[in-house]
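Undergrad: Take a look and give me a structure for this.
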Amino acid sequence: MKRKKRIGIRAPGRLSVAAAMLACILPIQAAKKKSSQETYSLIAGTVFSANGYALAVADVLLTPDPHPDSAPLKLKKLQAVSDSRGEFAFRVPPGAMHYIISASAKGYRAVQKPVVLQGEDRVDVTFQLDPESK
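TA: Purely as a prediction, here's the structure:
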């Protein structure tokens, strides 16, 4: 009696399924461990207009401020744009550091504020931008 020749895809064995699942899980666990070990400080806040409404699409600039108490790090300026709720956030290295943060938007006067970090802090900054006078 002749055997019929099977045509098609062979079902994977138990070992190959387990290997495939393990290959998917290990990189995810490694990424979780790596991200949980990273430390940072957070500077976040909201931009409002003079009438108290959230101001979307405001430009927010975070500039390191050279200060005697600051850590000697070479940091660059960071820029963000506020979202539809006027919110923004910056992740920065932890440690004692001084920054100047400014917010501006078309038709509004720019505002600057100092920010001081001591370690793995979260600092919240609120801006209220007044309209430019013509």
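
Undergrad: Show me where the protein dips below the pLDDT cut-off.
TA: 1-37, 67-73, 134 (pLDDT under 70).

Undergrad: ranges for the helices of it?
TA: Using DSSP state H, the helices of the chain run over 14-37.

Undergrad: in it, which spans are strands?
TA: For the chain, the strands defined by DSSP state E cover 41-49, 59-64, 78-81, 87-92, 97-104, 111-117, 122-129.

Undergrad: Can I get those strands in CSV including mean neighbour count?
TA: All C-beta spots, glycine's among them, are computed from the backbone N, C-alpha and C. Output for the strands of the chain, formatted as CSV (neighbours: other C-beta atoms under 10 Å):
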stretch, mean neighbour count
strand 41-49, 20
strand 59-64, 18
strand 78-81, 15
strand 87-92, 18
strand 97-104, 20
strand 111-117, 15
strand 122-129, 16
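
Undergrad: List the residues that contact residue 59.
TA: With contacts defined as C-beta atoms under 8 Å, 6 or more residues apart in numbering, residue 59 is in contact with 79, 80, 81, 103, 104, 105.

Undergrad: Against residue 78, how distant is it?
TA: Using C-beta to C-beta, to the nearest Å, residue 59 is found at 12 Å from residue 78.

Undergrad: before we move on, what about residue 92?
TA: 7 Å.

Undergrad: intersection of neighbour lists for those two?
TA: Common contacts of residue 92 and residue 78 (C-beta under 8 Å, 6+ apart): residue 62.

Undergrad: beta partners for residue 99?
TA: With DSSP bridges as the criterion, residue 99 is bridged to residue 64, residue 115.

Undergrad: if I look at it, how far off is residue 52?
TA: 26 Å.

Undergrad: just residue 38 next, same as before
TA: Separation of residue 38 from residue 52 (C-beta to C-beta): 36 Å.
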